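Asks: Sequence and predicted structure below; questions after.
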Amino acid sequence: MKTELIDTLQLNDQGLISIIGAGGKTSLMFRLAKELADSGKKVLTTTTTKMFMPLSSQSPFTIIDSSIEKIIKKSASRLKRFLHFSASRKYDPATGKLQGFAQDSIDQLWQAGLFDWIIVEADGARQKPLKATASHEPVIPGATTHLILVTGLDALGKPFNETHVHRAKLFSQNTGLPLGETMDEKSMAACIAIEIKKPGDLGHTLSNFVFLNKADNPDKISSGQKIAELLQTNKIIHQIIIASLIDDFPVKTCLILKK
């Protein structure tokens, strides 16, 4: 039996999901939003950083307003017709990107009680499959209940440089992998262990998930399993999902870590 993502992640009730990392955050956000809306949940997709204006296939429309009070009022009206849409404080036509809300503004949206789920793209990676975060990242709202760290398995086997890794020098400092070497499973697992710990250091108590995306062939699935094995003693991670978001049923395998 094929399993949808919301079943794998056990997104049954209500919550605020922050998605961080690189290699498929936006695709994952809108995939989850569709599944949740299809199940009858009221869903808002937004960001605390920047993201491209959603396509109509991703979100039926986007509310743009710098006033949270007006966003809440407009959302209440729109929810009479739609179960899912997006919101942003500003649109920059030069870049085609939406500018996100401050963390406390997202918290206000959640406290309004209009939505069953708010999904936040809470990190930026310049469309690269892997990244190391700077001191000001990720930008996670305080009301976050679920954290999903995305990593693109397509970085494996590629030269380790800024072309494939956002903030490659910082990644090298964190993991010990020299620039110019080939990206491997051990280095990727080391990066994940560091990045998944960071929100907890900032005071967030969350359900933490690692989403190894782009497992679109047997070799990538095998690499994902190796990374999962390297992380299986990590006490912070609750679940590791190996998946390919380009597939109708993306979950290839899932490891639930015992605490």
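Replies: Ah, there it is.
Asks: Tell me which stretches of the protein form helices.
Replies: Per DSSP state H, the chain has helices spanning 5-8, 25-38, 68-78, 103-111, 168-175, 185-201, 218-231. These are given in chain order.
Asks: Deepest in the core, which of those is it.
Replies: When the helices of the chain are scored by mean count of other CB atoms under 10 Å, the highest mean neighbour count falls to helix 25-38 (a mean of 21). C-betas here are computed from N, CA, C, even on glycine.
Asks: Who are the packing partners of that helix?
Replies: When contacts are defined as 3 or more CB pairs under 8 Å, 6 or more residues apart in numbering; DSSP states H and E, helix 25-38 sits against helix 5-8, strand 15-21, strand 43-47, strand 84-88, strand 117-121, strand 146-152, strand 207-213.
Asks: got the contact list for the first one?
Replies: Contact partners of helix 5-8, identified using CB atoms under 8 Å, 6 or more residues apart in numbering, comprise 28, 31, 32, 35, 36, 39, 239, 241, 243, 250, 251, 254.
Asks: out of those residues, who's nearest residue 136?
Replies: Each of the contacts of helix 5-8 was scored against residue 136 by CB to CB, and residue 28 proved nearest at 22.6 Å.
Asks: how much space between the closest one and residue 103?
Replies: Taking CB to CB, to the nearest Å as the measure, residue 28 falls 20 Å from residue 103.
Asks: so what's residue 106 up against?
Replies: Contact criterion CB under 8 Å, 6+ apart gives 16, 46, 48, 118, 120, 141, 143 as the residues in contact with residue 106.
Asks: among those residues, who's most crowded?
Replies: residue 120 (30 neighbours; other CB atoms under 10 Å).
Asks: Quick one: mean pLDDT over stretch 216-233.
Replies: The average of the pLDDT scores along stretch 216-233 is 95.
Asks: what are the C-alpha coordinates of it, in CSV please?
Replies: Below are the C-alpha coordinates for stretch 216-233, written out as CSV (Å, rounded to 0.1, in the frame of the first residue of the first chain):
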residue,chain,number,x,y,z
ASP,A,216,15.1,8.9,-7.6
ASN,A,217,17.1,5.7,-8.4
PRO,A,218,18.4,2.7,-6.5
ASP,A,219,21.9,4.2,-5.9
LYS,A,220,20.4,7.3,-4.3
ILE,A,221,18.1,5.2,-2.2
SER,A,222,21.1,3.2,-1.0
SER,A,223,23.0,6.4,-0.2
GLY,A,224,20.0,7.7,1.8
GLN,A,225,20.0,4.5,3.8
LYS,A,226,23.7,4.9,4.6
ILE,A,227,23.1,8.4,5.8
ALA,A,228,20.2,7.2,7.9
GLU,A,229,22.4,4.5,9.5
LEU,A,230,25.0,7.2,10.4
LEU,A,231,22.3,9.2,12.0
GLN,A,232,20.3,6.4,13.8
THR,A,233,21.8,7.1,17.2
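Asks: Perfect, I'm done here.
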